[in-house]
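Undergrad: How does the following fold in three dimensions:
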Amino acid sequence: MDWDKLRIFHAVADAGSLTHAGDVLHLSQSAVSRQIRALEESLSVTLFHRHARGLILTEQGELLFEATQAMVKRLDATAARIRDSEDEVFGELRVTTTMGFGTLWLAPRLAKLYAKFPALKIDLMLEERVLDLPMREADVAIRMKEPSQADLIRKRLMQIRMRLYASPEYLAEHGTPQSMDDLSQHRLISQHAGTPQVQAGANLVADLMSHDIPSTLTVNNYFGVLQGVLNHLGIGVLPDYLTEDFPQLVRVLPEVESGEVPVFLAYPEELRHSKRVAAFRDFVTEEIMAYRKRQQED
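TA: This next block holds a predicted model:
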């Protein structure tokens, strides 16, 4: 249905008169009458009974008036929220990041964000593919390298390294390796070489595999690697940000680690003033600052 015709119908039904509705809409009575006739023809119904004292809604007209009343109320409420939104954070926010970071670091912390902004609707898209932010495939991205796309606002959040971890139970049963050569007596759990991952992590795994490790478990994401480690299957190659949430992990061969991997948050320039983006950016920044502080204290 044509919204302009519905708007005019609503004004006529509310006023009960073509003349009064025309005054409200700044239209002539004949123009209002033509629009009402056109709407009735498009619906194949009569919406008003015409009387000398004015217009009375038919049964079909009452049904339509109920619908337009609900629409007007929703539009008025939305307009009010837009006017008052300077201090509000609500609505949908599409966030993309890697499977590992999203599953193991970000998702467990989102309860704090929702507690502060309960009207947020976050769509968390976890995949290794880099989504096109300028084309609005997502609103915000957290990635393990600096985005190369143009027209993005970038913020470096932290740097991480891949290190070796095992469970106390595994080490109690199999012993703790003292050198790289000792890895030949252990099972290594890592991402598969063909899995999309940061180059620093892939380089570390390739170096470890050169030490003739007889038993391995390869997984296509860090969540799987972590589950293997927690279930005492072997020594896992994992990002160091896991240690806070899984303090039972024991670091193995402390001198062995990947190169630094930068973590960036990015969003399109056009969302610079978005309250949702600002709330998410500030939340992630605060969480990482608190994480860094705790790491320094340890």
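
Undergrad: how close does Y267 sit to R94?
TA: For Y267, the distance to R94 equals 10 Å [C-beta to C-beta, to the nearest Å]. (Glycine included, C-beta is placed from N, CA and C.)

Undergrad: what residues do the two have in common as contacts?
TA: By C-beta atoms under 8 Å, 6 or more residues apart in numbering, Y267 and R94 have these common neighbours: 139-140.

Undergrad: Which residue of the two possesses the greater neighbour count?
TA: Between Y267 and R94, Y267 has the larger neighbour count (other C-beta atoms under 10 Å), namely 25 against 18.

Undergrad: and that one, what is it in contact with?
TA: 133, 139-141, 152-153, 274, 277, 281.

Undergrad: The nearest residue to it once chain neighbours are set aside: neighbour count?
TA: Once flanking residues are discounted, Y267 sits nearest to V140: 4.7 Å by C-beta to C-beta, 6 or more residues apart in numbering. Residues near V140, counting by other C-beta under 10 Å, number 23.

Undergrad: same check, this time on Q191
TA: 24.

Undergrad: that older thread, next up, phi/psi of the residue nearest to Y267, please.
TA: phi -140, psi 140 (degrees, to the nearest 10).

Undergrad: Please read off the pLDDT at it from the model.
TA: At V140, the pLDDT value in this model is 96.

Undergrad: try D84
TA: On the pLDDT scale, D84 gets 49.

Undergrad: Show me what the helix or strand containing V72 is packed against.
TA: Assigned by DSSP states H and E, V72 falls within helix 59-83. If you count contacts as 3 or more C-beta pairs under 8 Å, 6 or more residues apart in numbering; DSSP states H and E, helix 59-83 packs onto helix 3-15.

Undergrad: for the helix it packs on, which positions count as buried?
TA: Neighbour counts over helix 3-15 (16 or more other C-beta atoms under 10 Å) mark 5-6, 8-13, 15 as buried.

Undergrad: who touches the residue most central in space within the chain in this structure?
TA: With distances taken as C-alpha atoms, centre = their mean, V95 lies nearest the centre of the chain, 2.8 Å away. If you count contacts by C-beta under 8 Å, 6+ apart, V95 has them with 106, 122-125, 138-142, 280.

Undergrad: A107 - that's part of a strand, no?
TA: No: assigned with DSSP: H, G, I helix; E, B strand; the rest coil, A107 falls outside any strand and is helix.

Undergrad: any idea how far it is from D182?
TA: Distance from A107 to D182, by C-beta to C-beta: 35 Å.

Undergrad: Equivalent analysis for T46, please.
TA: Counting by C-beta to C-beta, the gap from T46 to D182 is 90 Å.

Undergrad: what's across from the residue nearest to the centre of the chain in the sheet?
TA: Beta-bridge partners for V95, by DSSP bridges, are L124, V140.

Undergrad: ok, it to S258 distance?
TA: Counting by C-beta to C-beta, the gap from V95 to S258 is 25 Å.
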